[in-house]
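Asks: 3D model of this:
(2 chains)
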Number of protein chains: 2
Amino acid sequence: MNEPIGIFDSGIGGLTVFREMRRQLPGEDLIYLGDTARVPYGTKSAETVTRYSQQNVRFLLQQGVKLVVVACNTASAFALEKLQKEFSIPIIGVIHAGVKRVLQASATQRIGIIGTEGTIRSESYTQEILRQAPSAQVFSQACPLFVPLVEEGWQDTAVAQATAETYLAPLRGKIDTLILGCTHYPLLKKVIGQVLGPEVQLIDSAEETAKEVKGLVIPSQKTTSAADRFFVSDSTERFMKVAKVFLKDFGQAEKVEL
Amino acid sequence: MNEPIGIFDSGIGGLTVFREMRRQLPGEDLIYLGDTARVPYGTKSAETVTRYSQQNVRFLLQQGVKLVVVACNTASAFALEKLQKEFSIPIIGVIHAGVKRVLQASATQRIGIIGTEGTIRSESYTQEILRQAPSAQVFSQACPLFVPLVEEGWQDTAVAQATAETYLAPLRGKIDTLILGCTHYPLLKKVIGQVLGPEVQLIDSAEETAKEVKGLVIPSQKTTSAADRFFVSDSTERFMKVAKVFLKDFGQAEKVEL
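Replies: Residues are numbered from 1 along each chain as shown, chains lettered A, B, ... in the order given. Predicted structure coming up:
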């Protein structure tokens, strides 16, 4: 099974998932697709996000992938089930793995979730937590400004601090674990940790998602070293610039029509 | 000429232009199109913004409009010339009118411009100012966080204050007028005014654009009162919610495919 693994995201944030996959699956070729022409998905409707996700999977299938990772939390929340029904290859979202990990980490089963408007409105995390642990208590909060903050490179500024304080105030003292339910949020770990204190453990789904994929794929038998490709739906210029916040080095991105 | 006038924007911000048009052209039917499925345009490339703008104009033409106002600054910056060449009806952007007004208002010809990444990168405002006033000095600054701040309803918060201070610091003491080069920014007038002080006059293009349109159209001869229609490319739910920040009352929005 030497075919590549596909990863798609609404834009650039899925590179946190790509990074973890690259680390845990060193022998696999990875294809990353960022739908930068239509980013963000977090403020859009279930119907629109599902339509865009279907187009993304079709593009990755044309590249001959053996499995698709939906790195975007909003797309995982709104579209995963439909994608799994429509396509015959395995399709993995980030929510299932994130929930599994938070339930291992939480002693009190008082769990916080932060994400985009779409992810929080979908209640996908809450439903999955309650499915796996019916007595858990879940506190969720949409944080729409976190993504543009990260893309501006303002993670360590007074603006990030004030924004985190506003969003996280309702969660303070209520939870022992917090799911970072958006691919951009791991880059705000420091400021989120300062606001919530060391008693709250922060859970990043990327690591657990890569583990789940590792258990599913028949490993590549190639003897050559892994090759990665990056595709985006808008021009590569801004992607290459902002990608540096997420990933130290990668090859050239290519622009495609979806 | 009883046909309606079309207005399009990348999303919701163009309602500041709609509002001014409604006020200055009470006899005209207005059709507003917000491309909410693909918002924002401000971080996207010239090529992608132009393609989306062409689709928007085509939709408005199908509705039988006699003139189109490109309410979005980014689309005006990247796509206006191409649209004017491609389509036979008059197409008006917001940049020309905004520049005309700022040159009347500025005593020192030291002019500031704030806008999205795309608008600032295009240098359209700078070029138009220098065309009309070659000796002017122009200071520009992209403010990507302002749009999500407004859409979050955080105009009067400490976060808005800290964000405005960071973005506007390089302009302080250098300018006597500032163009609010994005439809969302008039909603941040108060905090921008506090940071820059009363010696800097803030210029909002919407008013002047409506004046320009008034001079161009053959007025409607209808005797019935004006009817407005609102179209969006994503679901109407979020549009209707956020629209209240911009406009007190309007009818139901309709979802369309572009």
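Asks: Can you give me the neighbour number for A:Pro170?
Replies: If you count neighbours by other Cβ atoms under 10 Å in any protein chain shown, A:Pro170 ends up with 12. Every residue, glycine included, has its C-beta placed from N, CA and C.
Asks: That one - nearest residue in space that isn't next to it in sequence?
Replies: Nearest residue to A:Pro170 in three dimensions, chain neighbours excluded: A:Gln141, at 6.2 Å (Cβ to Cβ, 6 or more residues apart in numbering or on different chains).
Asks: and that neighbour, that's in a strand?
Replies: Yes - per DSSP: H, G, I helix; E, B strand; the rest coil, A:Gln141 lies within a strand segment.
Asks: Around chain B, which positions in chain A sit nearby?
Replies: Taking Cβ under 8 Å from any Cβ of the partner chain as the criterion, the neighbours of chain B within chain A are A:36-39, A:43-45, A:47-48, A:117, A:144-145, A:148-149, A:151-152, A:154, A:157-159, A:162-163, A:166, A:233-235, A:237-238.
Asks: If any of those residues are buried, put those into a ChimeraX selection.
Replies: To isolate the buried ones among the residues of chain A next to chain B in ChimeraX, judged by 16 or more other Cβ atoms under 10 Å in any protein chain shown, type:
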select /A:36,37,38,39,43,44,45,48,117,144,145,148,149,151,152,154,157,159,162,163,166,233,234,235,238
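Asks: Among the residues of chain A next to chain B, which ones are in helices?
Replies: A:47-48, A:117, A:148-149, A:151, A:158-159, A:162-163, A:166, A:237-238 (DSSP state H).
Asks: Quick check: the farthest pair among the residues you listed?
Replies: Across those, no pair lies farther apart than A:Glu47 and A:Ala158, at 38.4 Å, counting by Cβ to Cβ.
Asks: Might one say that A:Glu199 is in contact with A:Asp176?
Replies: Yes - A:Glu199 lies in contact with A:Asp176 (Cβ atoms under 8 Å); the separation is 6.7 Å.
Asks: if we can go back for a sec, state the distance from the residue nearest to A:Pro170 to chain B.
Replies: Noted for A:Gln141: a distance of 13 Å to chain B, by Cβ to the nearest Cβ, to the nearest Å.
Asks: where's that residue relative to A:Thr119, distance?
Replies: To A:Thr119, A:Gln141 is 11 Å away according to Cβ to Cβ, to the nearest Å.
Asks: repeat for A:Leu216
Replies: 23 Å.
Asks: Check A:Thr236 too.
Replies: 27 Å.
Asks: one step back: which of A:Gln141 and A:Thr119 has more residues huddled nearby?
Replies: Set A:Gln141 next to A:Thr119 and count neighbours by other Cβ under 10 Å: A:Thr119 wins out with 27 against 16.
Asks: where's that one, which helix or strand?
Replies: In this structure, A:Thr119 sits in helix A:117-122 according to DSSP states H and E.
Asks: which other residues reach that helix?
Replies: Residues outside helix A:117-122 that contact it (Cβ atoms under 8 Å, 6 or more residues apart in numbering or on different chains) are A:41-46, A:49, A:73-74, A:77-78, A:113-114, A:125, A:140-142, A:144, A:181-182, B:238.
Asks: try 6 Å
Replies: Contact with helix A:117-122 is made by A:Gly42, A:Thr43, A:Asn73, A:Thr74, A:Ala77, A:Phe78, A:Ser140, A:Ala142, A:Pro144, A:Gly181, as judged by Cβ atoms under 6 Å, 6 or more residues apart in numbering or on different chains.
Asks: hang on, the fifth one packs against A:Ser124?
Replies: Yes - when contacts are counted by Cβ atoms under 6 Å, A:Ala77 is listed as touching A:Ser124 (3.8 Å).
Asks: More neighbours: which of those two?
Replies: Neighbours per residue (other Cβ under 10 Å) separate A:Ala77 from A:Ser124, with A:Ala77 holding more: 29 against 25.
Asks: Which helix or strand contains the more buried one?
Replies: Assigned by DSSP H and E, A:Ala77 falls in helix A:73-86.
Asks: That helix - contacts with which helices or strands?
Replies: Contacts defined by 3 or more Cβ pairs under 6 Å, 6 or more residues apart in numbering or on different chains; DSSP states H and E place helix A:73-86 against helix A:46-62, strand A:91-93, helix A:117-122.
Asks: Excluding covalently adjacent residues, which one is nearest to the residue in the stretch 151-258 of chain A positioned nearest to chain B?
Replies: The stretch 151-258 of chain A approaches chain B most closely through A:Ser235 (3.6 Å), counting by Cβ to the nearest Cβ. In space, A:Ser235 comes closest to B:Ser45 once its chain neighbours are excluded; the distance is 3.6 Å by Cβ to Cβ, 6+ apart.
Asks: Look at that neighbour and report its pLDDT.
Replies: Listed pLDDT for B:Ser45 reads 95.
Asks: Tell me the spacing between it and B:Pro170.
Replies: Taken as Cβ to Cβ, the span from B:Ser45 to B:Pro170 is 25 Å.
Asks: Would you check how far apart A:Glu212 and A:Leu258 are?
Replies: 26 Å.
Asks: swap that for A:Tyr52, sorry
Replies: According to Cβ to Cβ, A:Tyr52 and A:Leu258 sit 8 Å apart.
Asks: what does A:Ser135 give?
Replies: 43 Å.
Asks: more neighbours, these two?
Replies: Comparing A:Ser135 with A:Leu258 by other Cβ under 10 Å, the one with more neighbours is A:Leu258, at 15 against 6.
Asks: what's near enough to touch the more buried one?
Replies: A:Gln55, A:Phe59, A:Ser233.
Asks: So what's the residue count around the first one?
Replies: The number of residues packed near A:Gln55 is 16, by other Cβ under 10 Å.
Asks: confidence score at it?
Replies: 98.
Asks: One more: the last one?
Replies: Per-residue confidence for A:Ser233 comes out at a pLDDT of 97.
Asks: so where is the stretch 151-258 of chain A shaky, pLDDT-wise?
Replies: Within the stretch 151-258 of chain A, no range satisfies pLDDT under 70.
Asks: tell me the helices in it, going along the chain?
Replies: Ranges of helices in the stretch 151-258 of chain A, per DSSP state H, counting those that start in this stretch, are A:158-168, A:189-196, A:205-216, A:236-246.
Asks: Of all the residues in the longest one, which ones are buried?
Replies: Applying a neighbour-count criterion of 16+ other Cβ under 10 Å, the buried positions in helix A:205-216 are A:Ser205, A:Ala206, A:Glu207, A:Glu208, A:Thr209, A:Ala210, A:Lys211, A:Glu212, A:Val213.
Asks: List the contacts of the last one.
Replies: Shown here is A:Val213, whose contacts under the criterion Cβ under 6 Å, 6+ apart are A:Ile92.
Asks: Same question for the fourth one.
Replies: A:Glu208 sits next to A:Ala97, A:Arg101 when contact means Cβ under 6 Å, 6+ apart.
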